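Colleague: Take this sequence and fold it.
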Amino acid sequence: MGFGRVGMALVLAAGIGCAHFGASRPDRPVLAAGKYAVESIRSRAQLDGIDQLIEISETGTKLTDANGAEHVLTERGALMLEESGQCRLALAVSVDGEEPGVSDRACRWQADGDRFLLGDATGAGTRTLYQVRRNGSRVVLEGVNDLDPQGNVVGDARGERIVLVERVPELAGRSVDRTSEEQAAREIQEYLHDL
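Modeller: Okay, here's the model as predicted:
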């Protein structure tokens, strides 16, 4: 698969990190437990040896590789937030309409008003702090900082962004409980198909 297609999908999905909470907080959370479609995601990636921000979306993103060839990346994704603080981020990224590479990652989340923390499932890695804005049915997560497990700023997440769309009630009512990895994979595939 040319252009590191599956690798690119995994690099973009792996760009999820964390930070500490700020002062501005509305009375009720802007983002709560539930299921969201990932309309677009912008993350840092290294392509052809160059660090850059790459945004992929449902409508498609054009990129040019080192040889001058143009490629179109599209993604379908889901972010499922459980009340327990556990979450799953699944992305299916396709390059030039080929079979998508799928990344399905367990994660942890925490929301405090208009601040949202997203990190790996263990809580031991870096997390990314996002500023949250609501725009109709869309929730926009704008990157602020990356933090280590002790809450120290270890990186700049400005420019990173995730745009989420709240799902309709019949999709939101599906269980995210997992009894096995096989069941989890099946649920993610069904959910991505329903998007």
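Colleague: Helix or strand next in line after the strand or helix carrying Val132, which one?
Modeller: If you go by DSSP states H and E, Val132 is part of strand 127-135. Heading C-terminal from strand 127-135, the first helix or strand you meet, by DSSP H and E, is strand 138-147.
Colleague: For the following helix or strand past that following strand, buried residues please.
Modeller: Using DSSP H and E, the helix or strand that follows strand 138-147 in sequence is strand 153-156. Residues of strand 153-156 classed as buried under the neighbour-count rule (16 or more other Cβ atoms under 10 Å) are Val154, Gly155. Every residue, glycine included, has its C-beta placed from N, CA and C.
Colleague: hang on, the earlier thing: CA atoms only for the strand holding Val132, dumped as PDB, please.
Modeller: Taking Å, rounded to 0.1, in the frame of the first residue of the first chain, the C-alpha atoms of strand 127-135 are listed here in PDB:
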ATOM      1  CA  ARG A 127      -2.800  13.500  27.600                       C
ATOM      2  CA  THR A 128      -4.000  16.400  25.400                       C
ATOM      3  CA  LEU A 129      -6.000  19.300  26.800                       C
ATOM      4  CA  TYR A 130      -8.700  20.600  24.400                       C
ATOM      5  CA  GLN A 131     -10.800  23.800  24.600                       C
ATOM      6  CA  VAL A 132     -14.400  22.800  23.800                       C
ATOM      7  CA  ARG A 133     -16.800  24.800  21.700                       C
ATOM      8  CA  ARG A 134     -20.300  23.800  20.700                       C
ATOM      9  CA  ASN A 135     -21.600  24.800  17.300                       C
END
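Colleague: Assign Gly68 to helix, strand or coil.
Modeller: For Gly68, the assignment made with DSSP: H, G, I helix; E, B strand; the rest coil gives coil.
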